[in-house]
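# Dropping the sequence and predicted coords here.
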Amino acid sequence: MILVRVIAAILEGVLVLALPPMLMSIVVKTKAWFAGRTGPPWFQPYYDLHKLLNKGAVYSRTTTWVFRAGPIVNLAALLTAATLVPVLSSHSVFGFAGDVILVAYLFALGRLFIVLAALDTGSSFEGMGASREVTFGTMSEPALFLSLIVLASATKSLQLSEMIGPQLFAARGAVGPALLLVVGALLIVLLTETCRVPVDDPATHLELTMIHEVMVLDHSGPDFAYITYGAALKFLLLGSILLHVAFPHPAQSPWIDVPLRVIELAGLAAVVGVIECSMARLRLNRVPLLLAGATVLAALAAVLALTGSVT
Amino acid sequence: MSAILASLAMLLGGAALSAMLSRMARLALMAGVASIIGASIMCLIAAWPCLAHSSEAAPTTLAWPTPLGEARLALDGLSAWFLVTIALLSSTVALYAWSYMQAEINRGPVPALAAFLCILVAALILVVTAADAVLFLIGWETMMLASFFLVSFHHRRREVRRAAWIYLIANHLGTALFVLPLFGMLAAKAGTLDFQFFRAALQGEGRDMTTVLFLLGLFGFGTKAGFMPMHIWLPVAHPAAPTPVSALLSGVVIKAGIYGLLRLLSWLPALPARCAIVMLVFGMVSGCLGVLYALAQHDIKRLLAYHSIENIGIIGLGIGMGMLGQSLGRPALVALGYGGALLHVLNHALFKGLLFLSAGAVMHATGTGDIERLGGLARMTPVNAGLFLLGAVSICGLPPFNGFVSEWMVFGSLLGGTWGASRSAAGMGAMGAISLALMGGLALACFAKVFGVVFLGEPRGRTLQAHATPPLMGTAMFVPAILCAGIGILPGVFVPLAGGGVRAVAGMGVREFGGAMQPILTSVTQLSLFATLLAAIIIVLLLLNRILIKQAGATVTRAVMTWGCAYAKPSARMQYTASSFAWSLIQSFRSLLWPQRKWVAPVGLFTAPSELETHTPDMAEQDVFAPLMRGAGRVFRMIRTVSWTGEPALRAIPVDAGGRARPARVLVAGVVTALRQGRIHVYLAFIVFTLLAVFIMESLSSRPLSAPGSPVPISAPAGGGIDDGGSK
């Protein structure tokens, strides 16, 4: 029995690690379909990663070891966080009371190192991207934590796999409307943290308007592969937290759970693609308003959940 | 206990020796450094059994009668925790100072610095071990005076003298207005100055009385600790002081305020929830505004000073949640809140000490602390850069270092401590959690800015020269660096050591506390697993990176320019500066900060020199205390005109702009002129009037007490009168 579970966990782990580029591919395909194009092949992100991993690297003479540490620490932090987030089934590899804070801070650790690597190049473009990244990252933090407060008080737990697992399914009746607001807030957080339209446009031509892409201008070869994969993995992790809140599953067999989640993730990627097609990127000074909106949504949810839980 | 006495003796000896060797600065410095290190080791020896076995040393009464009783020293879990903090940081700082101060030997009063450093450390030890109000206040005052002299080390500079005076005045106001009355009230309640009777004397005290005592403590000790808005001395004094002194000020001297507050809480019975809410609000305001102001600074030490205010805010959040736990009767919340606060005291001392020392090494190497002029130091001083990065990751509360562990505990108390409690408690928990999240994000932005601009990129000043960090300075910084990493990786070893302190503050029994602490420890030990996992993944990815590059037979090209988006001639001046990096955040929070910006924009084809200057003045300093102090100054000037005949402070007939004489001022001026004739009978009349006024006040205030038939107890609760009024 234990052997079966171990094998299932390993299979799930492999699937989780293999999935992120495919989600990116779905976003790109959706956008292509909207524009009436065929788009690149489905496996293009995998080909890109393969190509990058087999290339050499170019390092500017301004850079130091911090520049090389950036992609590595970022990806390591995200992979560590991946052990705590329930992605496909409602179980995570590890878990302890309070691990949700560790997950949030691991994301922050990754962000710090990407930002430092950008500043290490001494380029004004990358400095600009870094400045925007920390600005919007900071502003999305209250919305994220307010959403976590709602989930924590709904499930009376600080362990992420319980906060968004079957316990949430059991509690969804009591905090229903609050969860809806949390989904809205988390969607904005997801779009911000993964640098998607309307906060950032990953496909823009002009460096002056980018956030994430301009920060990683100078990375090449395997370093850039790490960064691309890390961004996709971050999308997967935040997206699955969002989906677990939006569609809480009861405790059920992984044979139903996992395929269902994969379909939901594909749907989420398609939704993000639709958002990217249907609206333009916001002007940079409007983005704080969007994030304030997310915070207000989450605050409202927190008020509902906290007053509901007392009486 | 004898170890503490020995360390005090050693420090006083060191101070005396340094003072006597004032002609031989090098020897004096050596004597000071050696005695501080020796004393720190003695303190660690004394504190260890207290922490490891949570035993309490019996109070030692010295045979030296002080004016108001006997000198008593005691060591419990709380004292021992602060003693360890003091010992660890002072020994590091002493070692660092030996190397750092060599350059100052022929320029400044180094022997005096060494002597006052010894006195400061001795006073700190005295403050945290005193078990008697008089001894505590002697230590408190000595600490303040010693640090005043240390701050004014570069006393020839005008701004340093100003900083030292602000430090002295702010702290003395805090002591005189709040700490002295607090101890007066405590002594009146207990009938003794001995700390060990305070707790028993205050049990069963009314809510209003305990609230008043708590507020006195919060303002008095909070001035020392640097809670906003009593923080104004902090960002002024830290940059003015020489680096070892700033590290000590930020690392341990402000923690003496926290110690005072926690010691007071250990005497008070469970406080009403409103006190906890006040504490939490102070924590949130200090934390958020502290880090926002830090983000707006250009001077590295001033920036770090504002971060101390932020961290004091985090400690305040922990203390507030502990208090809330006490008033709600939740041992788990008490353990998490106070435990997180205590751990953060030690952690902040370690990483802030490290950051100050590292910033000092930057200033030592380049001669400037202006962030805008620095850059690219990671290539010139790689060791220092690594140490600063470690400190920065720790202070941002990121795993796997120590800041994360204490912030994790405080977060745990905020997020999970108030389930099912009252609405106000749950709401405060939620507000605390989002402000702590905001602080985390802003601290990350701030340290990305400092590290990125100072150590990475290209030097912004064209002629920036930097020499390598002297080996002894580097060695000294490794001590806190190793502890930062150690506490972060093995929190299961260090967190239980704070248990004795928590029990002392909350007055919990061993069994009750153990039950509350068990689940926390179970979770905390898990953090080691993830620190290891993170390190392992980093190593694997690093190796993979190397292997891939080698296997592909591809080349690593090193000597190229940064890709400037096809611009061929980028220069170092085109880099993002610290101000531009922080500006978008500052701009978003402008309604809280009121940044000022002077901008002469370039106009036309052949532009005149343009300039941009940003400056963020401290609101509390500029809009609250400066007008207050100006008003006080005016009053004092009038008093001085009365008593001192030499100065014509007020014009004979004040006339306003319209040429019209203003009657009120004419009257005042006339009285003043009459008074300042220097005639003795005027002063005699003054004294008589004053006596009369005192007599009238005295007779008025004593009337209700002597009224026959209705004896009113002296210690009637203050709220009683209000209730009577309401019932009529």
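Cool, got the structure.
# ok, now which ones touch the nearest residue to B:V405 once chain neighbours are set aside?
Setting aside the residues directly before and after it, B:V405 is nearest to B:P491 in space (Cβ to Cβ, 6 or more residues apart in numbering or on different chains), at 4.4 Å. For every residue, glycine as well, the C-beta is placed using N, CA and C. Counting by Cβ atoms under 8 Å, 6 or more residues apart in numbering or on different chains, B:P491 makes contact with B:402, B:405, B:524-525, B:527-528.
# hmm, try it at 7 Å
Listed by Cβ atoms under 7 Å, 6 or more residues apart in numbering or on different chains, the contact partners of B:P491 are B:405, B:524, B:527-528.
# B:E159 now?
B:A240.
# what about it, which helix or strand?
Assigned by DSSP states H and E, B:E159 belongs to helix B:158-174.
# Please state the offset of that helix from the chain centre?
Taking the mean of its C-alpha atoms, helix B:158-174 sits 15 Å from the chain's own mean (Cα atoms, centre = their mean, to the nearest Å).
# show me what contacts the residue of the stretch 101-250 of chain B found nearest chain A?
Here the stretch 101-250 of chain B gets closest to chain A at one residue, B:M228, 19.6 Å apart by Cβ to the nearest Cβ. B:M228 sits next to B:285-286, B:289-290, B:309, B:620 when contact means Cβ under 7 Å, 6+ apart.
# Doesn't it lie inside a helix?
No. Assignment of B:M228 by DSSP: H, G, I helix; E, B strand; the rest coil gives coil, placing it outside any helix.
# give me every residue that touches the nearest residue to it once chain neighbours are set aside.
Closest residue to B:M228 apart from its sequence neighbours, by Cβ to Cβ, 6+ apart: B:S286 at 4.3 Å. The contact partners of B:S286, taken as Cβ under 7 Å, 6+ apart, are B:227-228, B:309, B:312-313, B:316.
# near chain B, which residues of the stretch 201-311 of chain A?
A:207, A:217-218, A:221-222, A:226, A:288, A:302, A:306-307, A:309-310 (Cβ under 7 Å from any Cβ of the partner chain).
# Do I have it right that A:T62 meets B:E458?
Yes. The pair A:T62 and B:E458 passes the contact test of Cβ atoms under 7 Å, sitting 5.9 Å apart.
# Overlap of the contact sets of these two?
A:G122.
# Next, the buried residues of the helix holding B:E159.
Buried residues in helix B:158-174, counted by 16 or more other Cβ atoms under 10 Å in any protein chain shown: B:160, B:163-168, B:170-174.
# ok, the residues you listed vs A:L179, which is closest?
B:G174 (47.6 Å; Cβ to Cβ).
# On the three-state scheme, the closest residue to the closest one other than its chain neighbours is what?
Among residues not flanking B:G174 along the chain, B:T223 sits closest, at 2.9 Å (Cβ to Cβ, 6+ apart). Using three-state DSSP, the structure places B:T223 in helix.
# Can you get me a residue count around B:T223?
By the measure other Cβ atoms under 10 Å in any protein chain shown, the count of residues near B:T223 is 25.
# and if you look at A:L268?
23.
# tell me the contacts of it?
A:239, A:242-243.
# State the distance from it to A:P202.
16 Å (Cβ to Cβ, to the nearest Å).
# quick one, helices of the stretch 301-450 of chain B?
Ranges of helices in the stretch 301-450 of chain B, per DSSP state H, counting those that start in this stretch, are B:331-366, B:377-380, B:382-395, B:402-416, B:423-455.
# go on, the stretch 1-150 of chain A?
Secondary structure of the stretch 1-150 of chain A, counting by DSSP H, counting those that start in this stretch: helices at A:2-35, A:44-53, A:65-82, A:99-120, A:124-155.
# Is there proximity between the fourth one and chain B?
Yes. With Cβ under 7 Å from any Cβ as the measure, helix A:99-120 is seen reaching chain B through A:101-102, A:105-106, A:108-109, A:112, A:115-116, A:119-120.
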